[in-house]
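Participant: Please find the sequence and the predicted model below.
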Amino acid sequence: MKKTAIITGASRGIGKGIAGVLASEGYHLALFCHRNIDTLNEFAAELRDQYKIEVYTYCGDISDSGFTIPACEDAIDKLGHVDVLVNNAGIAYIGLLTDMSLEQWDDMVGTNLSPLFYTAKVVVPNMVSRGSGNIINISSMWGTVGASCEVAYSATKGAVNSFTKALGKELAPSNISVNAIACGVVDTDMNSMLSEDEKNELSEEIPAGRFCTPEEIGKTVLSIIKAPSYMTGQIIGVDGGYI
């Protein structure tokens, strides 16, 4: 039976890295993005050509249940079933909490947390009916320890961790694993606001001496998929020893 996965936030960065790794393993994919549909379609075409897999693309606001739920339903219809769900889409905000607008707070919660509920609403029944599945949520080291000037981001990622642990317990009897990856500093567009000097200084603070690559997060996703289903409800740190 073919292997399938749904990945949100897949047009660039971590999501793109995950998609590339899973495609190389023969997974048929449903990839979601917010705005970069042309970029995502080009990437999907490359994956189809290189790995001879099915790739379906969806573009819309992941924080809108009116988009996310029907899109996930359509993805499962096209793929036939879903083995893996990767909730990767997310946004960041750096600044004092008191400078953050109400709209920015709502966007943060809506993008970083609510989609986990929307996607699970659709995917979980399909996995339960098959008695197997993997749900992997992309979190952050700041969800574990918190970061000054990233209070809202830290709060949403802390909630992702709690969501992961609770859902892992709920779905363990159905042989469905739910885990999260607490990423450290990953070399993506999210860090593009940093100057080269700032990047170098930050790299020096990381015991591994460098930023993580999106492909390394992809390989971590693959290792979780291949792990025994008994590993569930875990927050797995991939931060180069930072925390």
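Facilitator: Now that the structure is in, tell me what you want to look at. Numbers count the residues shown, from 1 in each chain.
Participant: quick one: residue 150 and residue 94 touch, right?
Facilitator: Yes - when contacts are counted by CB atoms under 8 Å, residue 150 is listed as touching residue 94 (5.9 Å). All C-beta spots, glycine's among them, are computed from the backbone N, C-alpha and C.
Participant: of these two, who's got more company?
Facilitator: residue 150 (18 against 14; other CB atoms under 10 Å).
Participant: Residue 86: which element?
Facilitator: Using DSSP states H and E, residue 86 sits within strand 84-87.
Participant: what's downstream of that strand, the next helix or strand?
Facilitator: helix 102-112.
Participant: for that next one, which positions count as buried?
Facilitator: When burial is assessed from 16 or more other CB atoms under 10 Å, helix 102-112 yields the following buried residues: 105, 107, 108, 110, 111, 112.
Participant: Could you pull up phi and psi at the nearest residue to the second one once chain neighbours are set aside?
Facilitator: Spelled out, that is residue 107. Counting by CB to CB, 6 or more residues apart in numbering, residue 107 lies nearest to residue 91, which is 6.6 Å off, once chain neighbours are set aside. Dihedral angles of residue 91 (phi, psi; degrees, to the nearest 10) stand at phi -130, psi 160.
Participant: Please save the CA atoms from the lowest-mean-pLDDT helix or strand in the chain in PDB.
Facilitator: Least confident helix or strand, the chain: helix 196-205 with a mean of 92, by mean pLDDT, DSSP states H and E. Provided in PDB are the C-alpha atoms of helix 196-205 (Å, rounded to 0.1, in the frame of the first residue of the first chain):
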ATOM      1  CA  GLU A 196      25.300  38.100   8.900                       C
ATOM      2  CA  ASP A 197      27.100  39.300  12.000                       C
ATOM      3  CA  GLU A 198      24.000  38.500  14.100                       C
ATOM      4  CA  LYS A 199      23.800  35.000  12.500                       C
ATOM      5  CA  ASN A 200      27.500  34.400  13.300                       C
ATOM      6  CA  GLU A 201      27.100  35.500  16.900                       C
ATOM      7  CA  LEU A 202      24.100  33.300  17.300                       C
ATOM      8  CA  SER A 203      25.900  30.300  15.800                       C
ATOM      9  CA  GLU A 204      28.700  30.800  18.300                       C
ATOM     10  CA  GLU A 205      26.100  30.400  21.100                       C
END
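Participant: if we can go back for a sec, tell me the confidence at the residue nearest to residue 107?
Facilitator: Residue 91 is assigned 95 on the pLDDT scale.
Participant: dump the residue contacts of the residue nearest the centre of the chain.
Facilitator: Centre of the chain computed as the mean C-alpha position; nearest residue by CA atoms, centre = their mean is residue 88, 1.7 Å away. Contacts for residue 88 (CB atoms under 8 Å, 6 or more residues apart in numbering) come out as 7, 8, 9, 10, 14, 15, 18, 138.
Participant: redo that, cut-off 7 Å
Facilitator: 7, 8, 9, 14, 15, 18, 138 (CB atoms under 7 Å, 6 or more residues apart in numbering).
Participant: who's in contact with the helix ranked longest in the chain?
Facilitator: Identified as the longest helix of the chain according to DSSP state H is helix 151-171. Applying CB under 7 Å, 6+ apart, the external contacts of helix 151-171 come out as 92-93, 97, 100, 105, 108-109, 112-113, 116, 120, 124, 135, 137, 139-140, 142-144, 146-147, 178-180, 232-233, 235.
Participant: starting at the chain centroid, how far to whatever helix or strand comes next after it?
Facilitator: Per DSSP H and E, the first helix or strand lying C-terminal to helix 151-171 is strand 176-183. Averaging C-alpha positions (CA atoms, centre = their mean, to the nearest Å) puts strand 176-183 9 Å from its chain's average.
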